[in-house]
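In: Would you be able to build a 3D model of this:
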Amino acid sequence: MKSIPNEQIKLKGFLITLLGAILFSTKAIFIKLAFAGTKVDAVTLLSLRMLVALPFYIAAAIMIYRKPTNQPVTKVQWLNIFLLGLLGYYISSLCDFIGLQFISAGLERLILFMYPTLAILINTFVFKTKLSKTQLAALVLTYLGIGIAYFGEMKIDTENPNFYYGSFMVFLCAATYSVYIVGTGRLVPKVGVTRFTANAMLAATAGIFIHFILTRSIHQITYSNTLLYYSIALGIIATVLPSFMISNGMKTIGINNVAVITSIGPVSTIIQAHFILHEPIFTEQLIGTILVIIGVLLIGRKAAIENS
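Out: Here you go, the predicted structure:
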């Protein structure tokens, strides 16, 4: 049987990762559309998203368990998978959904992309990893870019009383997701990326469903075809497909290259938000986005050099 050239495998990995990053960037668009077109709240919409995604993650977990593996998982590792899943896709996602009720999709994506630099700070202060000049430059560029875009947005969104609250919730999303990223980087090499992704998602789904049961009622949901369509879009297009695509990319081209490619996220969201949600594109936003992307690329480039 003829083997596939390594270049073709890497190209396929690049394209799959790029498409996954673009699909992930649709999340904010679908959330904003759902909030505008239905009477759904953040907890209910998040629950519906994970309800749609749940069968796919169960299927993935079953397939993993049926395969022979040389990577046994300890009780401590299972606990870490569970906790990281709750943090990265339950608490983080909930903060994101709440924040998107009050700020634009474009600003949300820029604030969210603080997570690579926050991950660096966690590694520096918690795990005592030395902060390089490149990483310091990335931190400065990223926060400068977000600051410029943020003040530009403030000049436009002057009548929003919840602007700061929404921004803070998305920042909490970025902070909790950065912890998830740091934990993932340390755990995935030990348990495998697909096993980790499927089980972390199942843990997050359990947390979300428990939250819904304790605070909401099924009878309170105003069902409509519009809500159904957005729930399916969020669950499959913006969750299941990109999560497995990016997991595939990690296997074929490496985590560091994936981190660089996914920096397309803010650009993709801003373009979609402009044409679909009719959000304005302004000079400060463009400058801020460019600075944030340069910062993320610097982080990815340094990681790639270290692992080459």
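In: Quick check: which helices or strands does the helix or strand in which Leu33 is found pack against?
Out: Taking DSSP states H and E as the definition, Leu33 sits inside helix 27-37. Helix 27-37 sits against helix 42-66, helix 105-112, helix 225-232, helix 265-276, with contacts defined as 3 or more C-beta pairs under 8 Å, 6 or more residues apart in numbering; DSSP states H and E. To be clear about C-beta, it is placed using only N, CA and C from the backbone, and glycine gets the same treatment.
In: got the phi/psi numbers for Val126?
Out: Main-chain dihedrals, Val126, degrees, to the nearest 10: phi -90, psi -50.
In: now swap in Val40 and tell me
Out: Val40 adopts backbone torsions of phi -80, psi 150, taken as degrees, to the nearest 10.
In: so where do the helices sit in the stretch 51-200 of the chain?
Out: Shown for the stretch 51-200 of the chain, the helices assigned by DSSP state H, counting those that start in this stretch span residues 75-85, 92-99, 105-112, 115-125, 133-156, 163-191, 193-215.
In: any idea which of those helices is most buried?
Out: Most buried of these, by mean neighbour count (mean count of other C-beta atoms under 10 Å): helix 105-112, with a mean of 26.
In: where does the protein dip in pLDDT?
Out: Scanning the chain for pLDDT under 70 picks out 1-6, 69-70, 255-256, 301-308.
In: can you rerun that using 50?
Out: Applying pLDDT under 50 to the chain picks out residues 1.
In: Of the helices of the stretch 51-200 of the chain, which is nearest Glu284?
Out: Ranking the helices of the stretch 51-200 of the chain by proximity to Glu284 (C-beta to C-beta) places helix 133-156 first, at 2.5 Å.
In: wait, Phe30 sits on Ile236?
Out: No: Phe30 is not in contact with Ile236 according to C-beta atoms under 8 Å; the separation is 10.5 Å.
In: Which one's more surrounded, these two?
Out: Set Phe30 next to Ile236 and count neighbours by other C-beta atoms under 10 Å: Phe30 wins out with 24 against 16.
In: Roughly how far does that one sit from Ile98?
Out: 16 Å (C-beta to C-beta, to the nearest Å).
In: And Pro116, by the same measure?
Out: Taken as C-beta to C-beta, the span from Pro116 to Ile98 is 22 Å.
In: What of Phe24?
Out: Phe24 sits 19 Å away from Ile98, going by C-beta to C-beta.
In: hmm, back to that, arrange the helices and strands packed on helix 27-37 in JSON lines, one row each, with distance to Leu202 as further columns.
Out: Formatted as JSON lines, the helices and strands packed on helix 27-37 follow (distance: least, C-beta to C-beta, whole Å):
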{"stretch": "helix 42-66", "distance to Leu202": "5"}
{"stretch": "helix 105-112", "distance to Leu202": "23"}
{"stretch": "helix 225-232", "distance to Leu202": "18"}
{"stretch": "helix 265-276", "distance to Leu202": "25"}
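In: just so I know, which of these lies nearest Phe209?
Out: Taking C-beta to C-beta, helix 42-66 is the member of the helices and strands packed on helix 27-37 nearest to Phe209, at 6.4 Å.
In: helices or strands next to that closest one in the packing?
Out: Applying 3+ C-beta pairs under 8 Å, 6+ apart, one finds that helix 42-66 contacts helix 27-37, helix 92-99, helix 193-215, helix 225-232.
In: starting at the chain centroid, how far to stretch 279-297?
Out: Centroid displacement of stretch 279-297 relative to its chain, using C-alpha atoms, centre = their mean, to the nearest Å, is 18 Å.
In: and that stretch, C-alpha only, in PDB?
Out: Extracted C-alpha coordinates of stretch 279-297, given in PDB (Å, rounded to 0.1, in the frame of the first residue of the first chain):
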ATOM      1  CA  GLU A 279     -21.300  45.500  13.600                       C
ATOM      2  CA  PRO A 280     -19.100  48.500  12.500                       C
ATOM      3  CA  ILE A 281     -15.400  48.000  11.700                       C
ATOM      4  CA  PHE A 282     -13.400  51.000  13.000                       C
ATOM      5  CA  THR A 283      -9.800  52.000  12.900                       C
ATOM      6  CA  GLU A 284      -9.000  51.200  16.500                       C
ATOM      7  CA  GLN A 285     -10.400  47.800  16.100                       C
ATOM      8  CA  LEU A 286      -8.300  47.000  13.100                       C
ATOM      9  CA  ILE A 287      -5.100  48.300  14.800                       C
ATOM     10  CA  GLY A 288      -5.900  46.400  18.000                       C
ATOM     11  CA  THR A 289      -6.600  43.200  16.000                       C
ATOM     12  CA  ILE A 290      -3.300  43.400  14.100                       C
ATOM     13  CA  LEU A 291      -1.400  43.900  17.400                       C
ATOM     14  CA  VAL A 292      -3.200  41.000  19.100                       C
ATOM     15  CA  ILE A 293      -2.500  38.600  16.200                       C
ATOM     16  CA  ILE A 294       1.200  39.600  16.100                       C
ATOM     17  CA  GLY A 295       1.400  38.900  19.800                       C
ATOM     18  CA  VAL A 296      -0.200  35.400  19.400                       C
ATOM     19  CA  LEU A 297       2.000  34.700  16.400                       C
END
